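> Let me see the structure of the following:
(chains A and B)
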Amino acid sequence: MAEKKLVESITSMDVDFAQWYTDVVRKAELADYSGVKGCMIIRPYGYAIWENIQKDLDERFKALGHENVYMPMFIPESLLQKEKDHVEGFAPECAWVTVGGENKLAERLCVRPTSETLFCEHFKNIIQSYRDLPKLYNQWVNVVRWEKTTRPFLRTSEFLWQEGHTMHATEEEARTETLQMLKVYEDFYRDTLAIPAVTGRKTEKEKFAGAMETYTIEPMMHNGVALQGGTTHYFGDGFAKAFDITFTDKDNTVKYPHQTSWGVSTRMIGAIIMTHGDNNGLILPPKVAPIQVVIVPVQMHKEGVLEKAQQVADALRAAGIRVKLDSSDNSPGWKFAEYEMKGVPVRLEIGPRDIENNSCVLVSRVSRSKNFVSLDGLADTVKEMLTTVHNELVDRVKKNVEAKTHIATNWEEFADHAENHPGFIKAMWCGETECEEKVKELTGGVKSRCIPFNEENLAPTCVCCGKPAKHMLVWGRQY
RNA sequence: CGGGGUGUGGCUCAGUUUGGUAGAGCGCCACGUUCGGGACGUGGAAGUCGAAGGUUCAAAUCCUUUCACUCCGACCA
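Okay, here's the model as predicted:
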């Protein structure tokens, strides 16, 4: 805790985590508030992170055969109502359009909160034969959910996301797709965002409206609070039946196709902030950082400094590294603080002394160690350092998650953890929704995160009711 | 949707109790000196006090209404 705080304008995490989060969002220029409640302005620096996220994920989706499409943003009320569970889940948070121009609409239109119904309507028209399957669609769009409590990135009334919607001839293929896409998210979180996270299946109580099964990735934030980081759903043929989508199979019988959907959103930017950030501000995982290396010239008025800095910038850029050379007339110290706050993974300092030695100084945002390195082969050195930063972030998160994951074999232990130890609690469960509700009530907000894939047998009985245990659950508080 | 808080130059806030016609720091602009952890000097621009109504000779300040944001809960990606 003796860490020297170099950026003064951000509230410390340990003083007020919520305020720290808001400070980082605004001071790092990721987002700003707008005139519409719950809607945020994503500023260029924040949007650039989203663009990098999109690019990476989009490549992963397409490598698996998915195609991008675009559906309308309005859903007629009658369409939304075709699947009973689905409409019950979403109707309370829909925004409605009731007037077009000067005229009241005959049927009101919902601004999409998610697009299952639109895809189904379309699938009905384009799926006739087994030859039309599978359909592997995805769209990158905005959606609207009229939230009561909002926070930039974590929960906004309008947010950006991708929603994948697929149709398959068989149950097995659809189930495989559901798990495969969860794996894509898991890999992406770990390998791109440097956030290793728990994955598993949601309980009946927590699953998506209209889904047979929902799978989830649950990253833990720095303070031990969980964030639902992405979900994939297996729908069975429920929507297909509700929307009368059928195909003729090879055996000449008419069948219902099996469906999935899956999505991750701009909430991931919130996860990045809250997982990696520290008291000096943001720390961006190198793979999505808009600026991977910032070059700060020192004594740049001196002959040759700026020229050399520019050469270095060009060389790094040519090697595929995202570089910014800040030649503004702010002082070097100001720049150090500024880019630390903005989470740039690597800083490169170069001044007359360095140039004389054919070297420069590299500083990691994570360890803050200064490395004096040669300008020869600099691009490789920088790439290594970016990799190191990524790995350090992954390790740090792993350690934090381990330190904040607790085991409870009985109610006393569970209550103690819930009350005194922020983080996840692993405990056995009888499988009943009543116990989930009871736990939530007794602990003031601890909910089941998921039934992880690697279940352990911690105890023979449910931590809540004492009946025989069916599953291990990961529990926690959430954003 | 319930409970709390806050709205005053771009930002953070003082001024409100005890009405008298708006201040500070930071930021911004210009010039000069600086430049290896948020530099300094000089000069300058910028607010009608969230909005509406009321009381008063006079309202940032008192009263009423309203809106927005924010925090904590319940609800939810």
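
> what about the strands in the stretch 201-350 of chain A?
Here the stretch 201-350 of chain A has its strands, by DSSP state E, counting those that start in this stretch, at A:213-218, A:230-236, A:247-248, A:254-255, A:258-265, A:293-297, A:323-325, A:346-350.

> oh sorry, the question was meant for the stretch 51-200 of chain A
Counting by DSSP E, counting those that start in this stretch, the strands of the stretch 51-200 of chain A are A:67-68, A:74-76, A:95-100, A:103-111, A:135-144, A:158-168, A:198-201.

> can the third one be found next to RNA strand B?
No - Strand A:95-100 stays out of contact with RNA strand B when judged by C-beta under 7 Å from any atom of the strand, the minimum separation being 11.9 Å. C-betas here are computed from N, CA, C, even on glycine.

> can you check the last one too?
No - legend: contact between strand A:198-201 and RNA strand B by C-beta under 7 Å from any atom of the strand is lacking; minimum distance shown is 13.9 Å.

> And for that strand, what's in contact with it?
Strand A:198-201 has contacts (C-beta atoms under 8 Å, 6 or more residues apart in numbering) with A:182, A:185-186, A:213-220, A:401, A:424, A:449-453, A:474.

> can you redo the strands of the stretch 201-350 of chain A as TSV with mean neighbour count, mean pLDDT and distance to A:Leu154?
Compiled in TSV, these are given as follows (neighbours: other C-beta atoms under 10 Å; pLDDT from 0 to 100; distance: least, C-beta to C-beta, whole Å):
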stretch	mean neighbour count	mean pLDDT	distance to A:Leu154
strand A:213-218	24	96	14
strand A:230-236	26	96	14
strand A:247-248	18	98	40
strand A:254-255	12	98	41
strand A:258-265	25	97	10
strand A:293-297	26	97	27
strand A:323-325	19	97	28
strand A:346-350	24	98	27
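
> Redo these as TSV? Include distance to RNA strand B.
Converted to TSV, those look like this (distance: least, C-beta to the nearest atom of the strand, whole Å):
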stretch	distance to RNA strand B
strand A:213-218	8
strand A:230-236	6
strand A:247-248	29
strand A:254-255	29
strand A:258-265	5
strand A:293-297	8
strand A:323-325	14
strand A:346-350	3
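
> would you turn the ones you listed into JSON lines with distance to A:Val111?
Putting the strands of the stretch 201-350 of chain A into JSON lines (distance: least, C-beta to C-beta, whole Å) gives the following:
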{"stretch": "strand A:213-218", "distance to A:Val111": "23"}
{"stretch": "strand A:230-236", "distance to A:Val111": "21"}
{"stretch": "strand A:247-248", "distance to A:Val111": "31"}
{"stretch": "strand A:254-255", "distance to A:Val111": "34"}
{"stretch": "strand A:258-265", "distance to A:Val111": "16"}
{"stretch": "strand A:293-297", "distance to A:Val111": "39"}
{"stretch": "strand A:323-325", "distance to A:Val111": "37"}
{"stretch": "strand A:346-350", "distance to A:Val111": "42"}
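
> now for those, which one comes closest to A:Leu375?
Minimum separation from A:Leu375 across those (C-beta to C-beta) falls at strand A:346-350, 8.4 Å.

> How far does that closest one sit from its chain's centre?
29 Å (C-alpha atoms, centre = their mean, to the nearest Å).

> Would you mind giving the orientation angle of it with respect to strand A:293-297?
Calculated by axes from the mean of the first three to the mean of the last three C-alpha atoms, to 10 degrees, strand A:346-350 forms an angle of 20 degrees with strand A:293-297.

> Quickly run through the sheet partners of strand A:346-350, with directions.
Counting by DSSP bridges, the strands paired with strand A:346-350 are strand A:293-297 (parallel), strand A:359-364 (antiparallel).

> contacting residues around the longest one?
In this case it means strand A:359-364. By C-beta under 8 Å, 6+ apart, the surrounding residues in contact with strand A:359-364 are A:312, A:345-350, A:354, A:369-375, A:378, A:381-382, A:385, A:388-389, A:392.

> Repeat the analysis, applying 10 Å as the threshold.
A:283, A:293-296, A:298, A:308-309, A:312, A:336, A:339-340, A:344-351, A:353-354, A:369-376, A:378, A:381-382, A:384-386, A:388-389, A:392 (C-beta atoms under 10 Å, 6 or more residues apart in numbering).

> Show me which of those residues are buried.
Neighbour counting over the contacts of strand A:359-364 (16 or more other C-beta atoms under 10 Å) leaves A:283, A:293-296, A:298, A:308-309, A:312, A:336, A:339-340, A:344-351, A:354, A:373, A:375, A:378, A:381-382, A:385-386, A:388-389, A:392 as the buried ones.

> now, which of the contacts of strand A:359-364 lie within helices?
Using DSSP state H to define helices, the subset of the contacts of strand A:359-364 located there is A:308-309, A:312, A:336, A:339-340, A:353-354, A:378, A:381-382, A:384-386, A:388-389, A:392.

> Of these, which are in range of RNA strand B?
Residues of those in contact with RNA strand B (C-beta under 7 Å from any atom of the strand): A:Phe336, A:Glu340, A:Arg353, A:Asp354.

> shaky segments in chain A?
Filtered on pLDDT under 70, chain A yields the residue ranges A:1-8.

> Let me see the domain layout of it.
A:17-71+A:118-276, A:293-395, A:405-476 (automatic domain parsing).

> For the residue nearest to A:Gly89 when sequence neighbours are not counted, which residues are in contact?
Leaving out its chain neighbours, the residue that sits closest to A:Gly89 by C-beta to C-beta, 6 or more residues apart in numbering is A:Ala209, at 2.3 Å. With contact taken as C-beta under 10 Å, 6+ apart, A:Ala209 is in contact with A:83-91, A:113-114, A:116, A:233.

> what do you get for A:Thr22?
Applying C-beta under 10 Å, 6+ apart, the residues near A:Thr22 are A:Ile10, A:Thr11, A:Asp16, A:Ala31, A:Tyr33, A:Arg151, A:Pro152.

> again, 8 Å this time
Applying C-beta under 8 Å, 6+ apart to A:Thr22 gives the contacts A:Arg151, A:Pro152.

> what's the helix or strand for it?
A:Thr22 belongs to helix A:17-27 when elements are defined using DSSP states H and E.

> go on, A:Trp50?
Counting by DSSP H and E, the element that carries A:Trp50 is helix A:44-63.

> Name the residues that touch that helix?
With C-beta under 8 Å, 6+ apart as the criterion, helix A:44-63 contacts A:28-31, A:42, A:68, A:138, A:140, A:160, A:162, A:164, A:184, A:187-188, A:192-193, A:264, A:266, A:268-269, A:272, A:284, A:287-290, A:342.

> just the buried members of the residues you listed?
A:28, A:30-31, A:42, A:138, A:140, A:160, A:162, A:164, A:184, A:188, A:192-193, A:264, A:266, A:268-269, A:272, A:284, A:287-290, A:342.

> report the angle between the axes of the helix holding A:Trp50 and strand A:135-144?
Using the same axes, to 10 degrees, helix A:44-63 lies at 160 degrees relative to strand A:135-144.
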